[in-house]
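Asker: Quick one, what's the 3D model for this:
(chains A and B)
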Amino acid sequence: DTAVSQTPKYLVTQMGNDKSIKCEQNLGHDTMYWYKQDSKKFLKIMFSYNNKELIINETVPNRFSPKSPDKAHLNLHINSLELGDSAVYFCASSLRQGQETQYFGPGTRLLVL
Amino acid sequence: DQQVKQNSPSLSVQEGRISILNCDYTNSMFDYFLWYKKYPAEGPTFLISISSIKDKNEDGRFTVFLNKSAKHLSLHIVPSQPGDSAVYFCAASAQNNNDMRFGAGTRLTVKP
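Answerer: Below is the predicted model of the structure:
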């Protein structure tokens, strides 16, 4: 009965590959997010979706493409993986847009070799 | 450009004593602040928040203080317990803005 779940938990892959990370929330929230935690441990927002619509798209390479098939899911597809993409990726959700508490998934540890 | 800064990467405290974690921000538009706690191999979990209309919010052993003029907030944990050992992230956002900014975190170790 995990509130925000991500799969896979660990992902090791070669440079140049394409991979996807899936996120699902069962909280009935309208808004979902993807964050990247880099080697310096900063959590930086990448994307935000509200009711399947993109509302935040930070300066992220267009190799990263989020997809929201419904408001309970926000998947992240990464093309042509690079070494610098190695990080922990966190999905989160909140009840609605605006200043709402965000609930995080357990993270996906991506290692690009 | 880090708009939210946690200048202490780590803090060690004896069990039963007070833990004080600090956070500074640069964006004067921020008016909502949160603290998250993170255990290894888990996602951050919400701990406590404060709106800029207040200068203090308390929840059990956890109290957050906000000093708007200094653009500074702090999290007090008293008494500290070994189970509080985790990384604590400060976060801030501006009204009508989904863009929440996080600090780099402070690793708190509470020694028995």
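
Asker: Can you name the residue of chain B nearest chain A?
Answerer: Of all residues in chain B, the one sitting closest to chain A is residue B:43 (3.3 Å; C-beta to the nearest C-beta). C-betas here are computed from N, CA, C, even on glycine.

Asker: In space, what's closest to that residue - neighbours in sequence excluded?
Answerer: Excluding its sequence neighbours, the residue lying closest to residue B:43 (C-beta to C-beta, 6 or more residues apart in numbering or on different chains) is residue A:104, at 3.3 Å.

Asker: how about the one you found, what does it touch?
Answerer: By C-beta atoms under 8 Å, 6 or more residues apart in numbering or on different chains, the residues touching residue A:104 are A:4, A:35, A:90, A:91, A:92, B:36, B:43, B:44, B:45.

Asker: okay, it: pLDDT?
Answerer: In the prediction, the pLDDT value recorded for residue A:104 is 96.

Asker: Any of the contacts of residue A:104 buried? List them.
Answerer: Buried members of the contacts of residue A:104, scored by 16 or more other C-beta atoms under 10 Å in any protein chain shown, are A:4, A:35, A:90, A:91, A:92, B:36, B:43, B:44.

Asker: follow-up on the earlier one: so what does the residue nearest to residue B:43 have for phi and psi?
Answerer: Dihedral angles of residue A:104 (phi, psi; degrees, to the nearest 10) stand at phi -100, psi 150.

Asker: Please name the bridge partners of it.
Answerer: On the basis of DSSP bridges, residue A:104 takes part in beta bridges with residue A:92.

Asker: Report the separation between it and residue A:48.
Answerer: Residue A:104 sits at a distance of 14 Å from residue A:48 (criterion: C-beta to C-beta, to the nearest Å).

Asker: Residue B:26 now?
Answerer: To residue A:48, residue B:26 is 22 Å away according to C-beta to C-beta.

Asker: Then residue B:82?
Answerer: Taken as C-beta to C-beta, the span from residue B:82 to residue A:48 is 36 Å.

Asker: Now intersect the buried ones among the contacts of residue A:104 with the strands, please.
Answerer: Counting by DSSP state E, the members of the buried ones among the contacts of residue A:104 that fall within strands are A:4, A:35, A:90, A:91, A:92, B:36.

Asker: Now render those as CSV, adding distance to residue A:20 and pLDDT.
Answerer: Below are those laid out as CSV (distance: C-beta to C-beta, whole Å; pLDDT from 0 to 100):
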residue, distance to residue A:20, pLDDT
A:4, 17, 96
A:35, 17, 94
A:90, 16, 97
A:91, 12, 97
A:92, 18, 95
B:36, 26, 97
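
Asker: For the spatially closest residue to residue B:71 that is not a sequence neighbour, give me the backbone phi and psi.
Answerer: Once flanking residues are discounted, residue B:71 sits nearest to residue B:25: 5.1 Å by C-beta to C-beta, 6+ apart. As for residue B:25, its main-chain torsions (degrees, to the nearest 10) stand at phi -130, psi 160.
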